[in-house]
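1. Sequence first, predicted model second:
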Amino acid sequence: MPVSVNKKAMKLVQEAMSRPDDFGLSIFRDSSGATIIDAGIKASGGYSAGRLVTEICMGNLGKANITYMDYEGLRLPSISVDTDYPAISTLGAQFAGWRIKTEKYFAMGSGPARALALKPKELYQKIAYEDDSDEAVLVLETDTYPPLEALEYIAKECEVQLQNLYVLVASTSSLAGSVQISGRIVEAGIHKLTETGFDPKRILYGCGYAPIAPIHPKSAKAMGRTNDALYYGGFTYYTVDFEDDQKLKEIVAKAPSSTARDYGKPFYEIFKAANFDFYAIDPNLFAPAVFAVNNIKTGATFTAGKMNPSILKQSMGITES
């Protein structure tokens with residue numbers, strides 16, 4: 001029986017519920033019976049909450065740590081992430097691949113519950129994984145609590161009772177929200193490699209780090225900063241099992257964000273120029289700044305990409321005095 005990302009994540013959910021004040025969380029049971037864990041809408045959740053949400057979002061199959069890194073002279077608080085279950089923890093759980101859309105509500109869903117609803121199904125076919133759990137854990141990047149119709153939709157798709165549904169929420173404009181988005185750095189790289197045609201099941205281990213974007217009160221600007229943290233400051237390292245070094249080298253060369261036609265401007269500017277349509281943006285941009293890939297079969301390691309601290313400063317409103 002494969003590991004269950006929802007059952008593993010519930011261990012962290014139970015820890016959070018047992019001591020919410022330690023994480024700055026607000027936890028309540030909705031009138032529907034579902035449990036809402038607020039890490040950054042009305043709650044004060046900070047670095048600890050963001051780290052916790054990151055690990056829950058990965059189905060408790062990865063570790064996150066808050067650290068401090070130097071980005072070619074620009075020093076910023078950062079999050080480092082590692083996983084020994086790269087395909088399942090990232091594509092099978094953490095990837096924001098579920099559009100939660102009802103008449104009056106929209107949010108992108110990520111986390112273990114996706115593996116019950118199989119959102120999107122083709123991605124789970126690629127990694128040959130699906131979960132079996134009576135409890136579902138979902139993470140929403142949102143400024144508002146999900147209404148009853150959204151909770152009912154989620155529970156129905158996951159085939160769980162509402163009282164067994166646990167939804168973590170955090171605004172992009174919160175510190176916990178900023179932390180957990182940067183905590184997607186390893187997932188961003190694995191998704192990009194998968195989009196280039198690389199089999200994610202061949203990725204054995206993954207780790208990476210990215211700066212934690214300073215908070216901005218406007219959600220759209222905050223989203224721009226958090227995306228730039230990955231695209232201009234994110235570093236990833238993967239260990240893979242692959243037969244052809246030359247082909248692997250070619251794949252790695254195509255992976256970094258710098259291969260995109262829109263590269264070189266803050267994401268908010270790119271998004272605005274695209275009339276706020278994600279699908280009008282070159283998808284090559286949605287990737288870490290730097291890749292390093294070690295082939296365990298041959299011992300070779302290939303690197304590609306570059307850090308761009310000048311764009312980070314511009315995007316994040318950082319000025320030197």
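-> Looks like it came in fine.

2. Going by residue numbers, what spans are helices in the stretch 1-150 of the chain?
-> Along the stretch 1-150 of the chain, counting by DSSP state H, counting those that start in this stretch, helices occupy 5-18, 20-23, 47-57, 86, 114-117, 121-127, 148-158.

3. Return the most buried member of those.
-> The highest mean neighbour count among the helices of the stretch 1-150 of the chain belongs to helix 86 (a mean of 30), with neighbours defined as mean count of other Cβ atoms under 10 Å. To be clear about C-beta, it is placed using only N, CA and C from the backbone, and glycine gets the same treatment.

4. helices or strands up against that helix?
-> With contacts defined as 3 or more Cβ pairs under 8 Å, 6 or more residues apart in numbering; DSSP states H and E, the packing partners of helix 86 are strand 203-211.

5. rewinding a little: closest one to residue 196 among the helices of the stretch 1-150 of the chain?
-> Evaluated with Cβ to Cβ, those place helix 121-127 nearest to residue 196, the distance being 12.8 Å.

6. State the mean pLDDT of the closest one.
-> For helix 121-127, mean pLDDT rounds to 97.

7. just to revisit the earlier point, let me know which of the helices of the stretch 1-150 of the chain is the nearest to residue 307.
-> By Cβ to Cβ (comparing all of the helices of the stretch 1-150 of the chain), the closest turns out to be helix 47-57, at 21.6 Å.

8. follow-up on the earlier one: can I get the helices of the stretch 1-150 of the chain in a markdown table with distance to residue 66?
-> Conversion of the helices of the stretch 1-150 of the chain to a markdown table gives the following (distance: least, Cβ to Cβ, whole Å):
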| stretch | distance to residue 66 |
| --- | --- |
| helix 5-18 | 16 |
| helix 20-23 | 13 |
| helix 47-57 | 5 |
| helix 86 | 21 |
| helix 114-117 | 26 |
| helix 121-127 | 28 |
| helix 148-158 | 30 |
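
9. Quick one: closest of the ones you listed to residue 34.
-> helix 148-158 (4.7 Å).

10. would you put the C-alpha positions of the closest one in PDB?
-> What follows is the C-alpha trace of helix 148-158 in PDB, where atoms were taken according to Å, rounded to 0.1, in the frame of the first residue of the first chain:
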ATOM      1  CA  LEU A 148     -20.500  26.500   2.200                       C
ATOM      2  CA  GLU A 149     -20.900  25.700  -1.500                       C
ATOM      3  CA  ALA A 150     -17.100  25.500  -1.900                       C
ATOM      4  CA  LEU A 151     -16.700  23.300   1.100                       C
ATOM      5  CA  GLU A 152     -19.500  21.000  -0.100                       C
ATOM      6  CA  TYR A 153     -17.900  20.800  -3.600                       C
ATOM      7  CA  ILE A 154     -14.400  19.900  -2.100                       C
ATOM      8  CA  ALA A 155     -15.800  17.200   0.200                       C
ATOM      9  CA  LYS A 156     -17.900  15.700  -2.700                       C
ATOM     10  CA  GLU A 157     -14.900  15.600  -5.100                       C
ATOM     11  CA  CYS A 158     -12.700  14.000  -2.400                       C
END
